[in-house]
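**Student:** coordinates only, no sequence provided:
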């Protein structure tokens, strides 16, 4: 095992509890020969467990020294490929080879959790995602309408996937010990996809605008938020069509409500602006 000092700049906290390592790997529902992509293998704790499962494993490690050590350690195993690179810059479907059948697993750095999740939730989707994330982020992802933690992240993940908690991971399971606890989540992409990329982008704009003004009423948000600026009469008509009262606040809307409202707004916008030069491309 590597004794290399963790790099704070890369958000490195290594999972050292062997029972939790086994529990996370057990959540990866991939058998011999099936593709698995591991993000941030670090010192290779999960990697070793996965290699024993005889999955077809691709690991992506940004740290120069750790990538070199992993390459050397697994050089004799043809089922393990170590990629030295940035997960946010690489073309992940091409790395895995059979992306729709790939399970993604990883203990991911807290400071880039959300970008990684939404990169994985682009079309085409992988089969399944098992990630260890900060407990606070997990709570926001799992939150339902009407709760304080429900927000744009809760809606954004549910547009593409069904999230579920696998287990809690205490601070003491890591070295160095982080300041916060973690949670292992399963994020299962929807098959078939629920929305086109263009429709998902419309919902994302709406939810980010709405939750940035979460104390305001829906009618006010639609007409006054700089990212929306819906004419009042159009906003009232669209809300009525979606059976949503203008006095509602964002946390009272379900993901389905946001999807319906974004689609209705786009339809109304298209009716007002017939196709011409500069038409929005899907």
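**Tutor:** Cool, the structure landed. Since the structure is predicted, the reported quantities are computational estimates derived from the model, not experimental observations.

**Student:** what number of residues lie near residue 175?
**Tutor:** Residues within reach of residue 175, counting by other C-beta atoms under 10 Å, total 14. Every residue, glycine included, has its C-beta placed from N, CA and C.

**Student:** what's opposite it in the beta bridge?
**Tutor:** residue 14 (DSSP bridges).

**Student:** let me see the ranges of the strands in the stretch 51-200 of the chain.
**Tutor:** Secondary structure of the stretch 51-200 of the chain (DSSP state E, counting those that start in this stretch): strands at 56-61, 80-84, 103-107, 128-134, 161-169, 174-175, 182-189.

**Student:** which helices and strands does the last one pack with?
**Tutor:** I take that to be strand 182-189. strand 128-134, helix 135-142, strand 161-169 (3 or more C-beta pairs under 8 Å, 6 or more residues apart in numbering; DSSP states H and E).

**Student:** give me the three-state assignment for the closest residue to residue 213 other than its chain neighbours.
**Tutor:** The shortest distance from residue 213 to any non-neighbouring residue, by C-beta to C-beta, 6 or more residues apart in numbering, is to residue 221 (5.1 Å). Of the three states, residue 221 takes helix under DSSP: H, G, I helix; E, B strand; the rest coil.

**Student:** now do the contacts for residue 221.
**Tutor:** 209, 210, 213, 228, 250 (C-beta atoms under 8 Å, 6 or more residues apart in numbering).

**Student:** same list (those residues) but as CSV, adding pLDDT, secondary structure and distance to residue 41.
**Tutor:** Formatted as CSV, those follow (pLDDT from 0 to 100; DSSP: H, G, I helix; E, B strand; the rest coil; distance: C-beta to C-beta, whole Å):
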residue, pLDDT, secondary structure, distance to residue 41
209, 97, helix, 38
210, 98, helix, 38
213, 97, coil, 41
228, 95, coil, 42
250, 98, helix, 38
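
**Student:** mind showing which ranges of this structure have poor pLDDT?
**Tutor:** Residue ranges of the chain with pLDDT under 70: 1-12, 272-282.

**Student:** which one's the longest helix in it?
**Tutor:** Looking across the chain with DSSP state H, the single longest helix is helix 255-272.

**Student:** buried ones in it, by neighbour count?
**Tutor:** Residues of helix 255-272 classed as buried: 255, 257, 258, 259, 260, 261, 262, 263, 264, 265, 266, 268 (neighbour count, 16 or more other C-beta atoms under 10 Å).

**Student:** same list, those residues, but as a markdown table with distance to residue 171 please.
**Tutor:** Listed next are the buried residues of helix 255-272 as a markdown table, based on distance: C-beta to C-beta, whole Å:
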| residue | distance to residue 171 |
| --- | --- |
| 255 | 31 |
| 257 | 37 |
| 258 | 34 |
| 259 | 37 |
| 260 | 41 |
| 261 | 40 |
| 262 | 39 |
| 263 | 43 |
| 264 | 45 |
| 265 | 43 |
| 266 | 44 |
| 268 | 49 |
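
**Student:** wait, which of those residues is closest to residue 198?
**Tutor:** For those, the closest approach to residue 198 (C-beta to C-beta) belongs to residue 266, at 8.5 Å.
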